[in-house]
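J.: I need the structure of the sequence given here:
(one chain, ligands or ions: 1)
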Amino acid sequence: MRHQNIVILTGAGISAESGLSTFREEGGLWDRHRIEDVATPEGFVRDPDLVHEFYSTRRRQLKTASPNPAHIALGRLQREHGGQVSIVTQNVDDLHERGGASDVIHMHGELKKLRCGACHRVHVWDGVCATDTPCPACHAKALRPHVVWFGEMPFDMDRIMALLADCDLFMSIGTSGQVYPAAGFVSEVRQIGHAHTVEINLEPSDGASLFAERRHGPAGTLVPAYVEEILKGEPS
Ligand code: APR
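T.: Next up is the predicted model:
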């Protein structure tokens with residue numbers, strides 16, 4: 001086994017072949033919605049029902065989406081590799097888990113969770129939510145998506161930085177490399193110096209030149225092939 005500690009960062013591109021929109025491509029979510037209206041704390045204060053509708057619609061779309069071969073291949077890598085295989089995702093969908101992955105780190109939160117602004121409990125939720133939906137625990141009408149908005153701190157950063165410090169293979173899949181801190185992970189790994197770095201993306205990301213190896217094309221094809229190579233112990 002060539003790699004003992006693998007860290008895999010994923011972005012919206014890994015779920016594109018499952019039919020979920022990415023953000024910054026033609027026709028993507030940020031073409032159809034203003035970030036300041038639906039993905040900032042200020043937007044939520046200004047019009048909470050608009051924000052709830054945006055996330056309720058994405059939750060509904062998730063019901064008809066299925067994990068694609070890329071999600072399934074990463075679940076297989078975790079099960080069969082024998083070393084530590086950590087998945088850190090910027091995605092709020094649950095397709096990694098439904099594709100067989102476990103202990104996925106959702107640094108931008110999860111679509112199928114809500115957080116109460118009054119009692120701070122986090123609830124699993126796969127239906128619609130609105131401003132007058134009461135918290136199941138304290139009944140306050142103060143629920144919000146358990147998603148990280150622009151200007152908010154991502155989750156689990158200490159754990160993620162520790163994984164990056166220890167990894168000997170860092171893979172970035174399906175992300176444009178435009179949003180920090182995730183876009184800076186490859187530089188963190190390069191500074192520490194002993195990991196191989198691979199980008200798998202439909203096209204070169206903003207950080208493509210920082211990766212030792214780049215494979216450009218659809219994740220649904222490239223990820224299963226790369227996982228096969230890793231499991232066979234082929235050089236990379
Ligand atoms: N296979 C591989 N890569 C793909 C595919 C595919 N089938 N389809 C699209 N891509 C690539 C695109 O080329 C693009 O580089 O996925 C990337 C998606 O980039 P973005 O839309 O910017 O999504 P992401 O990088 O995940 O955004 C990061 O920004 O808005 C915030 O919180 C949001 O988590 C998100 C973060």
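J.: residue boundaries of the strands in this structure?
T.: 5-10, 84-89, 105-106, 109-116, 122-124, 143-147, 169-173, 196-201, 213-216 (DSSP state E).
J.: and for the second one, what are the contacting residues?
T.: Here strand 84-89 makes contact (CB atoms under 8 Å, 6 or more residues apart in numbering) with 4-11, 14, 74, 77-78, 96, 101, 103-108, 156, 160, 163, 166-167, 182, 185. Every C-beta, even on glycine, is put in place using the N, C-alpha and C of the backbone.
J.: next one: the fifth one
T.: Applying CB under 8 Å, 6+ apart, the contact partners of strand 122-124 are 112-116, 135-137, 143, 146.
J.: sorry, back to before: packed most tightly, which of the strands of the chain would that be?
T.: Compared across the strands of the chain, strand 169-173 shows the largest average neighbour count, a mean of 26 (mean count of other CB atoms under 10 Å).
J.: pLDDT score assigned to the residue nearest to Arg34 when sequence neighbours are not counted?
T.: Nearest residue to Arg34 in three dimensions, chain neighbours excluded: Gly43, at 7.9 Å (CB to CB, 6 or more residues apart in numbering). The per-residue pLDDT reported for Gly43 equals 98.
J.: do Glu234 as well
T.: 78.
J.: skipping its backbone neighbours, what lies nearest the closest residue to the ligand within the chain in space?
T.: Closest approach of the chain to the ligand (CB to the nearest ligand atom) occurs at Gly13, with a separation of 2.2 Å. Closest residue to Gly13 apart from its sequence neighbours, by CB to CB, 6+ apart: Gly174 at 2.5 Å.
J.: the chain: helices as residue ranges?
T.: 29-32, 35-38, 41-46, 48-63, 69-80, 95-98, 157-166, 185-192, 219-231 (DSSP state H).
J.: and the third one, does that touch the ligand?
T.: No: judged by CB under 6 Å from any ligand atom, helix 41-46 makes no contact with the ligand; its nearest approach is 13.1 Å.
J.: what parts of the protein come near the ligand?
T.: 11-13, 16-17, 22-25, 28, 90, 108, 174-176, 178-179, 201-203, 205, 218-219.
J.: can you flag the buried ones in those?
T.: 11-13, 16-17, 22-23, 25, 90, 108, 174-176, 179, 201-202, 205, 218-219 (16 or more other CB atoms under 10 Å).
J.: just to revisit the earlier point, dump the contacts of strand 122-124 to CSV, plus pLDDT.
T.: Below are the contacts of strand 122-124 laid out as CSV (pLDDT from 0 to 100):
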residue, pLDDT
Lys112, 98
Lys113, 98
Leu114, 98
Arg115, 98
Cys116, 98
Cys135, 98
Pro136, 97
Ala137, 98
Leu143, 98
His146, 98
